[in-house]
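here's my sequence, what's the structure:
(one chain, ligands or ions: 1)
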Amino acid sequence: RLSEKDVCLSRTYSKCVTMAEEAKKRAGYAAVDNHIKNNHVVGVGSGSTIVYAVDRLAERVRQENLNIVCVPTSFQARQLILQHGLTLSDLDRHPELDVAIDGADEVDSALTLIKGGGGCLTQEKIVAGCAKHFIVIADYRKDSKSLGQQWKKGVPIEVIPMAYVPVTKAIMQRFGGEVELRMAVSKAGPVVTDNSNFILDWKFEKTHNWKEVNTAIKMIPGVVETGLFVGMAERVYFGMEDGSIRTR
Ligand code: 5RP
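Numbers count the residues shown, from 1 in each chain. Here you go, the predicted model:
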């Protein structure tokens, strides 16, 4: 049986979860309302926050009879687009996007992002890089002065499977910290990305020059992409605890 304290804690926890979900929803709705126009080609990000943005996008397409084409960043995003009856495309047919909207794990004061908590960082970076405007949506827990203050799981790095040990060593030798191979929830094996690669999570110990580190890590043979998004985000919508939206 739960003690009174446990009941109280679990109520506080569910209040927190509800608040965060509300915040994600507001951020997603604001981004779609402010940035999506008729005839836009839209990059659809991955994660839990983007679900609200796609809900709103589908609602607007129905209500306003908009002509919108969507390019997914993951299997999840593809399923979301199809489930909502939106028009699915790809970069072969639409290599230039008007807007890409995506979530983030952490956003610092310079709009540098950590992404890839869901392991889709490579496609997310490709799609964001093809968009004229890259808009980020997040709840208040992702807002940070400096990377690492909020997100404790490190920078995700997608690697070719045969290279995960040498890449792990190279990163620790050059930049310090700890690197972990991301394991499936079952612990039966590593997480495998949509591109059939592995994910390393680099738990850095200090603030770095993220632009330099991003370039240096990408030069290590076997690295496919990093979850550091430097100089890519144009605007971030944070849903706040008090129900407001903060933009940066
Ligand atoms: C997936 C991502 C997600 O956008 C990021 O992890 C944020 O997810 P959520 O909206 O669930 O907090 O980068 O690779």
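
show the pLDDT at the residue nearest to Leu228 when sequence neighbours are not counted.
The shortest distance from Leu228 to any non-neighbouring residue, by C-beta to C-beta, 6 or more residues apart in numbering, is to Asn214 (4.3 Å). C-betas here are computed from N, CA, C, even on glycine. Asn214 is assigned 98 on the pLDDT scale.

wait, Ala77 touches Ile50, no?
Yes. Using C-beta atoms under 8 Å, Ala77 is in contact with Ile50, at 6.9 Å.

neighbour count: these two, which is higher?
Each of Ala77 and Ile50 has its neighbours counted (other C-beta atoms under 10 Å); Ala77 has more, 28 against 25.

and the more buried one, how far is that from Ser89?
Taking C-beta to C-beta, to the nearest Å as the measure, Ala77 falls 12 Å from Ser89.

kindly report the same for Ala110.
32 Å.

so which bits of the longest strand that the chain contains are buried?
Counting residues, the longest strand in the chain under DSSP state E turns out to be strand 131-139. By neighbour count with 16 or more other C-beta atoms under 10 Å, strand 131-139 contains the buried residues Ala131, His133, Phe134, Ile135, Val136, Ile137, Ala138, Asp139.

what residues does this protein have near the ligand?
Residues of the chain that fall close to the ligand, judged by C-beta under 6 Å from any ligand atom: 45-49, 102-105, 115-121, 124.

C-terminal to the longest strand of the chain, what's the next element?
Counting by DSSP states H and E, the next helix or strand C-terminal to strand 131-139 is strand 155-159.

which other helices and strands does the very next helix or strand once past that next one contact?
Beyond strand 155-159 in the direction of the C-terminus, DSSP H and E gives the next helix or strand as helix 164-175. If you count contacts as 3 or more C-beta pairs under 8 Å, 6 or more residues apart in numbering; DSSP states H and E, helix 164-175 packs onto strand 155-159, strand 178-181, strand 198-203, helix 210-218.

just put these in CSV and tack on mean neighbour count.
Shown next, in CSV, are these (neighbours: other C-beta atoms under 10 Å):
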stretch, mean neighbour count
strand 155-159, 28
strand 178-181, 16
strand 198-203, 22
helix 210-218, 16
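
in a markdown table, list these along with distance to Pro166.
Compiled in a markdown table, these are given as follows (distance: least, C-beta to C-beta, whole Å):
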| stretch | distance to Pro166 |
| --- | --- |
| strand 155-159 | 9 |
| strand 178-181 | 11 |
| strand 198-203 | 11 |
| helix 210-218 | 13 |
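
just tell me which of those ends up closest to Ser144.
Distance to Ser144, taken as C-beta to C-beta, is lowest for helix 210-218 among the helices and strands packed on helix 164-175, at 12.4 Å.

from the chain's centroid, how far away is whichever helix or strand comes after the closest one?
As assigned by DSSP H and E, the chain's next helix or strand after helix 210-218 is strand 223-226. Here the centre of strand 223-226 is set off from its chain's centre by 15 Å, with C-alpha atoms, centre = their mean, to the nearest Å.

now for strand 223-226, which elements pack on it?
So strand 223-226, by 3+ C-beta pairs under 8 Å, 6+ apart, packs with helix 121-129, strand 155-159, helix 210-218.

what's it in contact with?
121-122, 125, 155-160, 163, 167, 195, 197, 214, 217-218 (C-beta atoms under 8 Å, 6 or more residues apart in numbering).

how about a cut-off of 10 Å?
114-116, 121-126, 155-160, 163, 167, 170-171, 193, 195, 197-200, 202, 210, 213-218, 220 (C-beta atoms under 10 Å, 6 or more residues apart in numbering).

using neighbour counts, pick out the buried residues of it.
Judged by neighbour count (16+ other C-beta under 10 Å), strand 223-226 contains these buried residues: Val223, Val224, Glu225, Thr226.

go on, stretch 149-169?
So stretch 149-169, judged by 16+ other C-beta under 10 Å, has buried residues 150-151, 153-159, 163-164, 167-168.
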